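S.K.: Prediction below, plus the sequence it came from.
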Amino acid sequence: MVRDKTPTAQETFTQMAQAAGLRQRILVTLGILILVRLGIFIPIPGINRVAFQQGIADSGLSNLIGFLDYFTGRGLSTLGVFALGIIPYINASIIIQLLTAALPSLENLQKNEGEAGRRKIAQLTRYVTLGLSLLQTTGIAILVSTFANTPGPWFIAQTAIALTAGSLFVMWAGELITERGVGNGASLLIFLSIVSVLPRDLGRTIEQAQSGDRSFVGGVIVLLIVFLVMIVGIVFVQEGQRRIPIISARRQVGRRLYLEKSSYLPLRLNQGGVMPIIFASTVFLLPVFLSNLFPGNSLLVTVATYLQPGTWVYVFAYLVMILFFSYFYASIIVNPVDMSQNLKKMGASIPGIRPGKATSEYIERVLNRLTFLGAIFLGLVAIVPTAVEGATQVRTFQGLGATSLLILVGVAIDTAKQIQTYVISQRYEGMVKE
């Protein structure tokens, strides 16, 4: 019987249905996702939601709330217990990653302490999540008390506590999926939030298309084609990598001589994934948010006006920020000096490149070129769907842009790979039993 490395779709679905371990993991994942989704609709008591939504619309914070609402599965607009979702945990993870690259003590925990160090970093991430949740939920509680006409310190305190408890529960649910389910829990929760909004957008699109406007129908077709092309491009870029050949030196153990072994060093085309776009989007939302908080500041109002989506200043600045954060995040993930030292310790080298400083410089040059190409692609994915929406005047899918597409495709690829890994492990267990 020939056993291919990559399992077929039929074998994958068969194992999902028959293998007890894989089936249990999938059921645990689905059950937790359903539970978290239901928590969105558990209301926080004492809130006038109609007054809150009207106050948000009048204040000009609709864009900011709408952006965050897309990643919480409409949790902020419904003001459920899980309104913040997994956002505080994602922010805490980003902060810890940045601090790990900046603080030697955290870097030592991650690189040299093994599993115990990773557990300490995970615990630190939870503490940071708690702190961010308290800050964010207090701000939301003050915002709700202002717009929903329910002032009072007791209302602010109980609302902040309820939202913080919901956020910590979602964090625990995500870690439970990662440990006992399939896929990365935090990524799957963001995936769920984005997917849960798509039926509403699709329903609005169908209703408007049924009105008989042929130009709108044509615009929808063009937009869907662009989305499909973007998805194909995202798959190629997410999977794309540069394989740098490496050769292991010959060595002699006793009387036995081990010959040279050739392998490769994989460098991904898009090291940062969706993070550069998330960082850039956050930076551009900040002036809009501050200009609404301080309407009397002419400088903030001017900056927010020039950085409105659709303007040439916005497009150029957005591309520059994506390029900057792509290089910044790539420098955090990949350290050419460490890679060069590891190759030297293993007795391996790149053909034609001297070990040591020359190797690190070569890896850095290759990484810079890859990062530049990946950043250009991210910029195109970020700008093209928005430009097509503006040209076709199809606004019903507003929000399903670059960040959403990258998250949906990236999470789907990672989860599918993990399922295939379980299938392959089941296959080899069967070979051992035979």
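M.R.: Nice, I can see it. This one's a predicted model, so the numbers in the text were calculated from it and none came from an experiment.

S.K.: which outside residues touch the helix or strand hosting residue 21?
M.R.: Using DSSP states H and E, residue 21 sits in helix 20-39. Helix 20-39 has contacts (C-beta atoms under 8 Å, 6 or more residues apart in numbering) with 15-17, 73, 80-82, 85, 166, 169-170, 173, 176-177, 180-183, 185, 188-189, 192, 196, 419, 422-423, 426. Just so you know, the C-beta spots here come from the backbone N, C-alpha and C atoms, and that holds for glycine as well.

S.K.: roughly how far is the strand or helix carrying residue 229 from the heart of the chain?
M.R.: Element membership for residue 229 (DSSP H and E) is helix 214-239. In this view, helix 214-239 has its centroid 20 Å away from the chain centroid, taken as C-alpha atoms, centre = their mean, to the nearest Å.

S.K.: Stretch 371-382 now?
M.R.: 16 Å.

S.K.: Next, the buried residues of that stretch.
M.R.: Residues of stretch 371-382 classed as buried by neighbour count (16 or more other C-beta atoms under 10 Å): 371, 373, 374, 375, 377, 378, 379, 380, 381, 382.

S.K.: for the stretch 51-200 of the chain, what are the low-confidence residue spans?
M.R.: 56-71, 147-151 (pLDDT under 70).

S.K.: can you pull out the helices in it?
M.R.: 62-70, 75-78, 87-102, 104-112, 114-147, 153-180, 185-209 (DSSP state H, counting those that start in this stretch).

S.K.: got the angle for the longest helix anywhere in the chain vs helix 214-239?
M.R.: Ordering each helix of the chain by length in residues (DSSP state H) puts helix 357-392 first. Interaxial angle, helix 357-392 versus helix 214-239 (axes from the mean of the first three to the mean of the last three C-alpha atoms, to 10 degrees): 170 degrees.

S.K.: Could you list every helix and strand in contact with helix 357-392?
M.R.: The criterion is 3 or more C-beta pairs under 8 Å, 6 or more residues apart in numbering; DSSP states H and E, and the helices and strands that helix 357-392 contacts are helix 214-239, strand 241-248, strand 261-268, helix 275-293, helix 312-333, helix 336-345, helix 402-433.

S.K.: gap between it and the chain center?
M.R.: 17 Å.

S.K.: I'd like to check the angle between that helix and helix 336-345, please.
M.R.: 140 degrees.

S.K.: what about the residue lying closest to residue 326 once chain neighbours are set aside, distance to residue 325?
M.R.: Take residue 326 and drop its neighbours on the chain: the residue closest to it by C-beta to C-beta, 6 or more residues apart in numbering is residue 375, 3.7 Å away. Between residue 375 and residue 325 the distance is 8 Å, computed by C-beta to C-beta, to the nearest Å.

S.K.: overlap in contacts of those two?
M.R.: With C-beta under 8 Å, 6+ apart, residue 375 and residue 325 have common neighbours residue 276.

S.K.: Report the inter-axis angle for the helix holding residue 229 versus helix 185-209.
M.R.: 160 degrees.

S.K.: buried stuff in helix 214-239?
M.R.: Buried residues in helix 214-239 (16+ other C-beta under 10 Å): 216-217, 219-220, 223, 226-227, 230-231, 233-234, 237-238.

S.K.: In JSON lines: these, plus distance to residue 353.
M.R.: Below are the buried residues of helix 214-239 laid out as JSON lines (distance: C-beta to C-beta, whole Å):
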{"residue": "216", "distance to residue 353": "57"}
{"residue": "217", "distance to residue 353": "57"}
{"residue": "219", "distance to residue 353": "52"}
{"residue": "220", "distance to residue 353": "52"}
{"residue": "223", "distance to residue 353": "47"}
{"residue": "226", "distance to residue 353": "42"}
{"residue": "227", "distance to residue 353": "42"}
{"residue": "230", "distance to residue 353": "37"}
{"residue": "231", "distance to residue 353": "37"}
{"residue": "233", "distance to residue 353": "32"}
{"residue": "234", "distance to residue 353": "32"}
{"residue": "237", "distance to residue 353": "26"}
{"residue": "238", "distance to residue 353": "28"}
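
S.K.: Measure how buried residue 174 is and give me the count.
M.R.: When neighbours are counted by other C-beta atoms under 10 Å, residue 174 registers 24.

S.K.: Show the contacting residues for the nearest residue to it once chain neighbours are set aside.
M.R.: Of all residues not flanking residue 174 in the chain, residue 185 sits nearest, at 3.3 Å (C-beta to C-beta, 6+ apart). Counting by C-beta under 8 Å, 6+ apart, residue 185 touches 32, 173, 174, 175, 176, 177, 178.

S.K.: repeat that for 10 Å
M.R.: Applying C-beta atoms under 10 Å, 6 or more residues apart in numbering, one finds that residue 185 lies in contact with 29, 32-33, 36, 86, 89, 170-179.

S.K.: Could you identify the buried members of those residues?
M.R.: 29, 32-33, 36, 86, 89, 170-171, 173-175, 177-178.

S.K.: Just flag the most distant two among those residues.
M.R.: The largest separation in the buried ones among the contacts of residue 185, counting by C-beta to C-beta, is between 29 and 89 at 17.2 Å.
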